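Participant: Sequence and predicted structure below; questions after.
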Amino acid sequence: MVLDLMRNRHDEATQSLARLLAAERDAKKKLAMLLQYREEYTTRFREAAQGGLGQPEWRNFQDFLNRLDEAITQQLQSVSLQEAHTAAGQAEWRQQQKRLKAFDALSERHRVSEARWESRQEQKTQDEFAARHKNRNEDR
């Protein structure tokens with residue numbers, strides 16, 4: 001029963017780690033997308049500036065680039081947070097893995113001990129039977 005509980009906890013830790021890894025991967029994808037978009041928008045801004053921009057257009061480009069930079073900064077923080085969560089999830093998974101192995105080892109030792117005890121009991125019963133059978137033959 002305890003072994004089943006440990007297996008369930010290990011399975012839960014595995015599933016949790018999978019979710020954390022997926023969330024980290026998604027956060028990194030979003031960051032990469034924002035960085036790529038910023039690069040493309042910066043290129044468009046340079047091209048437009050070379051063609052001549054008025055003050056309002058210049059300000060609009062700058063404002064948008066600033067908002068993109070803020071989004072990138074926030075996403076960097078999100079990636080960092082996800083990486084920390086993933087590291088904690090990995091540590092929890094490793095801990096559950098160690099516990100499961102320990103309980104597996106205990107369970108196996110117990111099983112071997114039980115099998116040895118049963119074998120001794122069976123041998124004892126056979127010895128008693130053989131002794132009774134021998135005594136009966138000697139009495140005749």
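Facilitator: Arrived safely, thanks for sending. Residues are numbered from 1 along each chain as shown.
Participant: Show me what the longest helix seen in the chain is packed against.
Facilitator: The longest helix of the chain (DSSP state H) is helix 55-139. Packing contacts for helix 55-139, counted by 3 or more C-beta pairs under 8 Å, 6 or more residues apart in numbering; DSSP states H and E, involve helix 2-51. Any C-beta I mention is one placed from the backbone N, CA and C, and that applies to glycine too.
Participant: avg pLDDT for the helix it packs on?
Facilitator: Throughout helix 2-51, pLDDT has a mean value of 93.
Participant: list the helices and strands it packs on?
Facilitator: Where contact means 3+ C-beta pairs under 8 Å, 6+ apart, helix 2-51 is packed against helix 55-139.
Participant: Centre of the chain to the helix it packs on, how far?
Facilitator: 10 Å (C-alpha atoms, centre = their mean, to the nearest Å).
Participant: That one to helix 2-51, inter-axis angle?
Facilitator: Per axes from the mean of the first three to the mean of the last three C-alpha atoms, to 10 degrees, the angle that helix 55-139 makes with helix 2-51 is 160 degrees.
Participant: so what's the residue most central in space within the chain up against?
Facilitator: For the chain, the residue sitting closest to the mean C-alpha position, by C-alpha atoms, centre = their mean, is L17 at 2.5 Å. By C-beta atoms under 8 Å, 6 or more residues apart in numbering, the residues touching L17 are T86, G89, Q90, E92, W93.
Participant: between those, which is nearest N66?
Facilitator: Closest to N66 out of the contacts of L17 is T86 (30.3 Å), distances taken as C-beta to C-beta.
Participant: May I ask you to confirm that the closest one is in contact with E24?
Facilitator: Yes. Using C-beta atoms under 8 Å, T86 makes contact with E24 at a distance of 4.8 Å.
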